[in-house]
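Visitor: prediction below, plus the sequence it came from.
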Amino acid sequence: MTTFEKVTESQVTRAIISGFAADLEKFAEGEVIIVGGGPSGLMAARDLALKGVRVLIIERNNYLGGGFWIGGYLMNTITVRAPAHLVLDELGVPYKEFSKNLFVTPGPHACSKLIAAACDAGAKILNMTKFDDVVLRENNRVGGVVVNWTPVSALPREITCVDPIALESKLVMDATGHEAEVVTKLEQRGILKKVGEGGMWVEKSEDLVVEHTGEVHPGLMALGMAVAATYGLPRMGPTFGGMLLSGKKGAEIALDLLK
């Protein structure tokens with residue numbers, strides 16, 4: 001008994017190549033590139049795509065969501081402080097109130113909903129793609145990113161001479177978390193100074209991260225924990241409301257910058 005219709009191996013191969021090449025060609029020159037597919041990057045991508053912005057997420061792993069899957073200490077309950085639970089309502093994520101103003105939700109459910117919301121809105125994703133460098137224009141304005149396949153960085157030194165490619169964009173968002181990888185590239189060239197994040201202080205960190213979310217250099221914005229690393233703010237620990245609200249604020253600022 002045959003269940004599936006006939007399709008050849010070559011058709012499958014052509015389908016993969018065509019789909020991937022079409023997306024890559026479309027985003028060789030785009031509007032916004034978000035480096036890092038954690039909660040702040042996904043949230044910004046979703047809100048920007050809903051406004052019709054062409055947005056591409058670069059993610060070095062084969063999965064999206066960063067620490068949003070696994071909460072803290074490999075215990076996959078996510079905590080969110082008010083008022084960020086309203087974002088969970090917006091995304092259709094179920095949650096419970098643990099104590100006054102503190103809410104919990106299963107990480108896999110919340111993360112999968114956020115990823116789906118970004119994709120449904122129209123954001124595109126290049127996973128297994130590692131940020132390598134920035135594209136610089138006049139007066140050191142950031143004009144895009146240089147990327148390569150993630151596995152290239154794991155190859156033996158003798159065979160790592162694999163040139164990257166560049167993707168141009170009007171705006172780049174650093175959502176790489178504690179490492180602030182894009183900001184670090186500018187620091188290495190003496191263009192700006194990264195302070196490095198401070199010790200954990202949940203009650204202070206989330207407010208400060210959202211407050212400082214924005215453009216850190218012409219053409220470059222910082223979101224989420226990359227904001228803490230850039231400005232020397234306290235780390236926020238295993239709570240994620242600040243990430244979500246940082247992404248939302250970043251999208252609002254980006255829309256103004258793109259005008």
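Guide: That came in fine, so what should we check first? The structure presented is a predicted model; accordingly, all values stated were derived computationally and were not measured. Residues are numbered from 1 along each chain as shown.
Visitor: and the residue nearest to I115 when sequence neighbours are not counted, what does it touch?
Guide: Take I115 and drop its neighbours on the chain: the residue closest to it by CB to CB, 6 or more residues apart in numbering is L64, 5.2 Å away. C-betas here are computed from N, CA, C, even on glycine. By CB atoms under 8 Å, 6 or more residues apart in numbering, L64 lies in contact with G37, G38, L42, I57, C111, I115, I125, N127.
Visitor: right, and the first one touches G66 too?
Guide: This points to G37. Yes. The pair formed by G37 and G66 meets the contact definition of CB atoms under 8 Å, at 7.1 Å.
Visitor: picking that back up, could you flag which of the contacts of L64 are buried?
Guide: Among the contacts of L64, those classed as buried by 16 or more other CB atoms under 10 Å are G37, G38, L42, I57, C111, I115, I125.
Visitor: which of those residues sits closest to H212?
Guide: G38 (17.3 Å; CB to CB).
Visitor: show the model's pLDDT score for that closest one.
Guide: What the model reports as pLDDT for G38 is 97.
Visitor: could you find the closest non-adjacent residue to it?
Guide: Using CB to CB, 6+ apart, the closest residue to G38 is G66 (3.1 Å).
Visitor: repeat that for E59.
Guide: Closest to E59 by CB to CB, 6+ apart is G37, at 3.7 Å.
Visitor: name the SS class of the one you found, please.
Guide: Under DSSP: H, G, I helix; E, B strand; the rest coil, G37 falls in the coil class.
Visitor: all helices for the stretch 101-250 of the chain, in order.
Guide: Applying DSSP state H, counting those that start in this stretch to the stretch 101-250 of the chain gives helices spanning 107-121, 181-188, 202-212, 225-231, 241-258.
Visitor: can you redo the buried ones among the contacts of L64 as CSV with distance to I253?
Guide: Formatted as CSV, the buried ones among the contacts of L64 follow (distance: CB to CB, whole Å):
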residue, distance to I253
G37, 20
G38, 18
L42, 17
I57, 18
C111, 24
I115, 23
I125, 22
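Visitor: between the residues you listed, which is closest to V210?
Guide: For these, the nearest to V210 is G38 (15.3 Å; CB to CB).
Visitor: what packs against the helix or strand where G19 lies?
Guide: Per DSSP states H and E: G19 is located in helix 9-26. Contact analysis of helix 9-26 by 3 or more CB pairs under 8 Å, 6 or more residues apart in numbering; DSSP states H and E lists strand 124-127 as its packing neighbours.
Visitor: doesn't V172 make contact with V145?
Guide: Yes. Between V145 and V172 there is a contact under CB under 8 Å: 5.9 Å.
Visitor: what residues are shared contacts of these two?
Guide: The contact lists of V145 and V172 share I33, V35, V134, V182, where a contact means CB under 8 Å, 6+ apart.
Visitor: who wins on neighbours among those?
Guide: Counting neighbours by other CB atoms under 10 Å, V182 comes out on top of these with 29 neighbours.
Visitor: which residue, other than its chain neighbours, is closest to that residue?
Guide: D174 (3.8 Å).
Visitor: which residues does the one you found bridge with?
Guide: V35, A222 (DSSP bridges).
Visitor: hmm, back to that, switch the helices of the stretch 101-250 of the chain over to JSON lines; also include mean pLDDT and distance to S99.
Guide: Formatted as JSON lines, the helices of the stretch 101-250 of the chain follow (pLDDT from 0 to 100; distance: least, CB to CB, whole Å):
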{"stretch": "helix 107-121", "mean pLDDT": "98", "distance to S99": "19"}
{"stretch": "helix 181-188", "mean pLDDT": "98", "distance to S99": "35"}
{"stretch": "helix 202-212", "mean pLDDT": "95", "distance to S99": "14"}
{"stretch": "helix 225-231", "mean pLDDT": "97", "distance to S99": "25"}
{"stretch": "helix 241-258", "mean pLDDT": "98", "distance to S99": "14"}
